[in-house]
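Enquirer: Here is a sequence with its predicted model. Questions after.
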Amino acid sequence: MITTPDGTIVCETVLTPVCAENEPCRIIVAVMRDITERKKREHELQKMKQRLKASEERYRKLVEFLPEAIIVFNREGRIIYVNIAAVKLLGAKQKKDIVGNFIWKFLYNQAQAPKKMRQRWQKALGVQSSFIEELLRLDGKMIYSEVLLSSIEYGGEPAIQGIFRDVTERINYERQLEFLAFHDPLTGLPNRRLFLDIVSQSIEEAKQTKKGLAVMYLDMDHFKDVNDTLGHEIGDQLLKRFAKRLKENIGANAVPCRIGGDEFLVLFKDIKKRADIEKLVRRLYKNIQEPYKIKEYEIKVTISIGIAVYPADGTTPKELIRRADQALYEAKIERNSYRFYIQ
């Protein structure tokens with residue numbers, strides 16, 4: 001370091017002795033290079049690193065104990081920081097189980113990762129809006145998480161901060177409410193509301209394909225006797241077993257529905273001729289009447305069925321159901337039988 005009238009400069013010095021042969025060295029050549037600017041830059045860089053470290057430490061102190069899971073990852077998706085809540089959210093035991101992995105690893109539907117996920121996340125990042133993502137924890141459990149992304153600087157490099165909040169319970173509750181709005185709570189079958197929508201859609205499809213449809217209206221004969229003699233608990237179990245057997249015996253191209261009590265509807269699609277319906281009904285009769293073993297009871301069930309065919313008997317869902325109900329009324333005169341609607 002040398003002090004001059006203009007100030008202090010920092011020099012890098014190389015000393016080289018100059019010696020004559022067989023003489024002691026009396027001359028030393030000094031080569032000096034001004035490295036003042038380099039040292040200034042190194043000093044500034046060191047100060048910057050210290051500021052970044054202090055800033056990073058402040059950031060960690062700020063988010064480390066937040067209840068929301070914080071995950072920071074770089075532009076390639078590699079995770080560089082997680083807080084304690086994120087460790088818990090992702091089913092890990094410690095941070096090192098997560099840090100260093102790509103965020104795409106925790107996407108439940110990994111067939112979408114990383115391209116589609118990046119596109120969706122980049123869009124959300126641009127508008128600063130939250131979205132729901134299905135995540136796969138390290139313990140194999142799937143959860144729903146609300147995600148809010150923002151751009152930050154971490155360690156002096158551009159990064160993305162994700163705030164993750166577990167909303168699995170809320171999503172499951174909402175889906176349960178949605179399911180109950182369109183399904184019978186006892187049997188899980190579609191309810192009348194959903195059935196009407198399905199029939200309406202199927203009619204539109206039938207107009208294009210020129211194929212027929214049939215709506216079957218059925219109820220269990222003497223079901224009230226089961227409730228009266230064995231109790232409503234046994235009656236409910238019988239309805240559940242009956243609905244399951246009904247669904248198993250109508251084929252993949254049919255839709256069952258429980259209206260209420262012991263009354264059910266079935267939509268048969270792609271019907272070509274009346275014989276197709278009769279074949280399905282006979283199979284249903286045979287299998288539905290096998291005894292039901294519930295607790296210590298063995299219950300035998302018979303059914304009455306009314307059938308209306310599209311387009312001959314009606315061209316709207318309500319009309320087809322009404323005509324099938326009228327045919328059911330005729331079948332119930334004898335019971336354990338089926339009738340087609342007759343004008």
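Expert: Yes, it's here.
Enquirer: In this protein, mark out all the helices, start to finish.
Expert: 36-63, 84-89, 115-127, 168-182, 192-209, 223-230, 232-248, 274-288, 317-334 (DSSP state H).
Enquirer: could I get those helices as TSV with mean pLDDT, mean neighbour count and distance to E76?
Expert: Placement of C-beta: from N, CA and C, glycine included. Output for the helices of the chain, formatted as TSV (pLDDT from 0 to 100; neighbours: other Cβ atoms under 10 Å; distance: least, Cβ to Cβ, whole Å):
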stretch	mean pLDDT	mean neighbour count	distance to E76
helix 36-63	62	12	19
helix 84-89	95	19	19
helix 115-127	69	14	10
helix 168-182	93	12	28
helix 192-209	94	15	45
helix 223-230	92	14	64
helix 232-248	94	17	48
helix 274-288	88	15	57
helix 317-334	94	18	53
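Enquirer: Need these in JSON lines (columns: distance to V266).
Expert: Converted to JSON lines, the helices of the chain look like this (distance: least, Cβ to Cβ, whole Å):
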{"stretch": "helix 36-63", "distance to V266": "56"}
{"stretch": "helix 84-89", "distance to V266": "45"}
{"stretch": "helix 115-127", "distance to V266": "39"}
{"stretch": "helix 168-182", "distance to V266": "17"}
{"stretch": "helix 192-209", "distance to V266": "9"}
{"stretch": "helix 223-230", "distance to V266": "17"}
{"stretch": "helix 232-248", "distance to V266": "7"}
{"stretch": "helix 274-288", "distance to V266": "8"}
{"stretch": "helix 317-334", "distance to V266": "9"}
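Enquirer: Between those helices, which one is closest to V255.
Expert: Of all the helices of the chain, helix 192-209 sits nearest to V255, with 5.3 Å by Cβ to Cβ.
Enquirer: Any idea how far the closest one is from the middle of the chain?
Expert: Distance of helix 192-209 from its chain centroid, counting by Cα atoms, centre = their mean, to the nearest Å, is 27 Å.
Enquirer: packing partners for it?
Expert: With contacts defined as 3 or more Cβ pairs under 8 Å, 6 or more residues apart in numbering; DSSP states H and E, the packing partners of helix 192-209 are helix 168-182, strand 212-220, strand 254-260, strand 263-271, helix 317-334.
Enquirer: Against which helices or strands is the second one packed?
Expert: Put plainly, it is strand 212-220. If contacts are counted by 3+ Cβ pairs under 8 Å, 6+ apart, strand 212-220 sits against helix 192-209, strand 263-271, helix 274-288, strand 303-310, helix 317-334.
Enquirer: if we can go back for a sec, S151: which of the helices of the chain is closest?
Expert: With Cβ to Cβ as the criterion, S151 lies closest to helix 115-127 of these, at 6.7 Å.
Enquirer: How is this structure divided into domains?
Expert: As recorded under automatic domain parsing, the domains making up the chain are 2-50, 65-171, 184-340.
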